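Peer 1: Here is the input, now give the coordinates:
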Amino acid sequence: MASSNPDIVRFLTGITTSGTPHLGNYVGSVRHSVRFSRRADVQSFYFLADYHALIKVDEPARIQRSTLEIAATWLACGLDPERVTFYRQSDIPEIPELTWFLTCVAGKGLLNRAHAYKAQVDKNVAKGEDPDADVSAGLFMYPVLMAADILMFNAHKVPVGRDQVQHIEMARDMGASFNHLYGEHFTLPEAEIDDAVATLPGLDGRKMSKSYDNTIPLFTPRANLQKLIAGIVTDSRAPGEPKETEGSALFQIYQAFADSEETETLRKAFADGIGWGEAKQTLFERIDREIAPMRQHYDELINDPARIEKILRAGAEKARALSKPFLTELRHAVGLRNLASSAKPETRKAAKVARPSFKQYRESDGLFYFKFLDATGAQLVQSRGFATPQEAGRAIAALKQERGAALVQLAGQLEPMDDRGVIAASAALDALADEAA
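Peer 2: Numbers count the residues shown, from 1 in each chain. Below is the predicted model of the structure:
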């Protein structure tokens, strides 16, 4: 199900629908992702993670409102639903079914190590309570649902903060476990960390977060934006006294919006003793200059929820054009099959021997390779070395999708084959595709 073009990289991003988008969400995810989605070599998937919200929020109206606000935010910030796949998680019924498939291959020990679960356990132990007090199965299984989100669309890259890298590693682990048991179905994703993307401090200097109640809503009215910025915590240095940019929440927020020349101008003003009131006004004007045009678009969208609903349903249709056939393939792989399609039962060992297969591995030179074997285990195709497992995986995906045509397109990445070898490999690829269908 992966992209048939090995030069296209799939990126996937989701935001949990548990609150109102704030400036931290904008500079840490939305702005960067929207710009990135315009690249010709990127295929982007953006989703509203409303299933995830159920783990954190038990207020139905809040989840509905947050879904509306986040969808309107993405669109107002320039996300083009015609160019990307933009959908609501709960509109893709294949995701919870895949979650169960992955649950059946995920080790409990792996889930025991999840940061969110461990943090709650540590908190309970510190209070002398039962370690699993207030731990729902949803919290414990959160990484499996996230893995299903990623693996369903065979994403190559998932932009995350460093605190979320573990979830991507767990998705890789589950995908690899499934592949080991049932054949190569999933691309193993990589975390995409951009250290240039800012993490904003909030009104009190801590990380801007709904958990700390220190956020500045992205599209709050202009007057309220000015009021909130005026409330940013600063020190007691008077006008005329030099001020430190290091550790200043005000300066860090300004830097996330300003270009290098603007940043240096404010840095000099800090050294020259700018008053805090003037600095806050400068910050307000800079943020409002960027946000104001989008705020007008956001207000139009938020007041027309039917328009957003239509966009999300169209996005779900686009997503399900991929997820439905892929889930059919996975159901067949695990044995959920039409009973009339096989005349006699087969053991798992026999099923593995009876089909052509790809074998992916790493050599001592540090490069990644794959082989394509026929049903008897004889080698049909041998790849040359790839720098990353993702590159090798994309080549495998192209061979599965395009079959004989891909053998020609990828000739430079494969060891030479004579005409007889190409014919044999093409026939085996066709047989593999027919079995998956």
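Peer 1: lowest-pLDDT helix or strand in the chain?
Peer 2: Lowest on mean pLDDT, DSSP states H and E among the helices and strands of the chain sits helix 348-353, with a mean of 43.
Peer 1: if I look at residue 14, how far off is residue 97?
Peer 2: Per C-beta to C-beta, to the nearest Å, residue 14 is found 18 Å from residue 97. C-betas here are computed from N, CA, C, even on glycine.
Peer 1: for residue 132, same thing?
Peer 2: 27 Å.
Peer 1: And those two? Which one has more around it.
Peer 2: residue 97 (17 against 13; other C-beta atoms under 10 Å).
Peer 1: shouldn't that one be in contact with residue 327?
Peer 2: Yes: with contacts counted by C-beta atoms under 8 Å, residue 97 reaches residue 327, the gap being 6.2 Å.
Peer 1: Would you verify that residue 87 is located in a strand?
Peer 2: Yes: assessed with DSSP: H, G, I helix; E, B strand; the rest coil, residue 87 lies in a strand.
Peer 1: give me the beta-bridge partners of it?
Peer 2: Residue 87 forms beta bridges with residue 47, as assigned by DSSP bridges.
Peer 1: Show me the shaky parts of the protein.
Peer 2: The chain contains residues with pLDDT under 70 at 1-7, 194-198, 342-354, 436-437.
Peer 1: redo that, cut-off 80
Peer 2: 1-7, 161-163, 193-199, 211, 341-355, 364, 376-377, 419-420, 434-437 (pLDDT under 80).
Peer 1: Please name the nearest non-neighbouring residue to the residue of it most remote from its centre.
Peer 2: Using C-alpha atoms, centre = their mean, the residue of the chain lying farthest from its centre is residue 240. It sits 46.6 Å away. Using C-beta to C-beta, 6 or more residues apart in numbering and skipping residues adjacent in sequence, the residue nearest residue 240 is residue 273, 4.3 Å away.
Peer 1: same thing with residue 361?
Peer 2: residue 369 (5.8 Å).
Peer 1: tally of neighbours for the one you found?
Peer 2: Residue 369 has 18 neighbouring residues, counting by other C-beta under 10 Å.
Peer 1: Surely it is in contact with residue 363?
Peer 2: Yes: contact status for residue 369 versus residue 363: in contact at 6.0 Å, counting by C-beta under 8 Å.
Peer 1: Quick check: neighbours shared by those two?
Peer 2: Both residue 369 and residue 363 are contacted by residue 385, under the criterion C-beta atoms under 8 Å, 6 or more residues apart in numbering.
Peer 1: Give me the buried positions along the longest helix anywhere in the chain.
Peer 2: Of all segments of type helix in the chain, defined using DSSP state H, the longest is helix 305-334. Buried residues in helix 305-334, counted by 16 or more other C-beta atoms under 10 Å: 308, 311-312, 315-316, 318-320, 322-323, 326-327, 329-333.
Peer 1: any residues touching whatever helix or strand residue 100 lives in, and which ones?
Peer 2: Element membership for residue 100 (DSSP states H and E) is helix 94-103. By C-beta under 8 Å, 6+ apart, the surrounding residues in contact with helix 94-103 are 51, 89, 141, 144-145, 147-149, 151-152, 174, 178, 320, 323-324, 326-327, 330, 334.
Peer 1: Distance check, residue 238 against residue 371.
Peer 2: 72 Å.
Peer 1: which of those two has more neighbours?
Peer 2: More crowded of residue 238 and residue 371, by other C-beta under 10 Å: residue 371, with 15 against 9.
Peer 1: secondary structure element for residue 45?
Peer 2: strand 42-49.
Peer 1: what sits up against that strand?
Peer 2: Contacts with strand 42-49, where a contact means C-beta under 8 Å, 6+ apart, come from 3, 8-17, 33, 36-37, 67, 70-71, 74, 79, 83-89, 92, 149, 153, 155, 312, 319.
Peer 1: now that strand against helix 305-334, angle please.
Peer 2: Here strand 42-49 runs at an angle of 100 degrees relative to helix 305-334 (axes from the mean of the first three to the mean of the last three C-alpha atoms, to 10 degrees).
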